[in-house]
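Engineer: model the structure of this input:
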Amino acid sequence: MFKATPIPPDVDPIPYDPALDPQKIKAATERALDHYLAPAHIMATPYTPSSMFRVNPQTDTESLLANACESLASATVMLGDFAGMLEGPSRNTALGIAQVVMLGELAVNQALDNVVPKE
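Structural biologist: Numbers count the residues shown, from 1 in each chain. I've put the predicted structure just below:
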C-alpha cells in the first residue's frame with residue numbers, strides 16, 4: 001500500500017541573520033557550556049578525600065586485601081538475605097547487585113592469592 005507523504009518545503013530551517021556575528025555566538029556558547037559543565041567553584045577546588053574514615057597507610061597489602069574480601073563476602077550474604085524478602089523486579093535488582101559484589105570478592109580473592117606473603 002502506497003502512502004502519500006507531503007514533501008517538506010525547501011527552506012533553511014534556521015534563518016540566517018547577518019547581524020549575528022559568528023564569533024559572538026561562539027563566545028556565548030562557550031560561556032553557557034562552561035557555566036553548566038565546568039563551574040568555576042568546582043574546577044578551582046581540588047578533590048580532597050575525607051579523613052573521617054582512614055585506612056592506616058602502613059597496613060600491608062595482604063591485610064588490606066583480606067579485609068576487603070571479608071567485607072565483600074559479608075555484603076554478598078546481606079544482599080542475598082535482603083533479596084529473599086523481596087519479590088519481582090526489586091528481587092532481581094538486589095540479586096544483580098549481590099552478583100556484582102560477589103564478582104568483586106572473587107577479584108579481591110585472586111589478588112590476595114597473587115600477593116606473596118613477606119616472612
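
Engineer: tally of neighbours for residue 64?
Structural biologist: By the criterion of other C-beta atoms under 10 Å, residue 64 has 16 neighbours. The way it works is simple: take the backbone N, C-alpha and C, and place the C-beta from them, glycine included.

Engineer: mind listing residues that contact stretch 103-119?
Structural biologist: Taking contacts as C-beta atoms under 8 Å, 6 or more residues apart in numbering, the residues outside stretch 103-119 that touch it are 60-62, 65-66, 68-69, 72-73, 76.

Engineer: list only buried entries from these.
Structural biologist: When the contacts of stretch 103-119 are checked for burial by 16 or more other C-beta atoms under 10 Å, the buried set is 65, 68-69, 72, 76.

Engineer: can you put the residues you listed in JSON lines and add distance to residue 104 and pLDDT?
Structural biologist: Shown next, in JSON lines, are those (distance: C-beta to C-beta, whole Å; pLDDT from 0 to 100):
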{"residue": "65", "distance to residue 104": "12", "pLDDT": "90"}
{"residue": "68", "distance to residue 104": "8", "pLDDT": "92"}
{"residue": "69", "distance to residue 104": "9", "pLDDT": "91"}
{"residue": "72", "distance to residue 104": "5", "pLDDT": "94"}
{"residue": "76", "distance to residue 104": "9", "pLDDT": "93"}
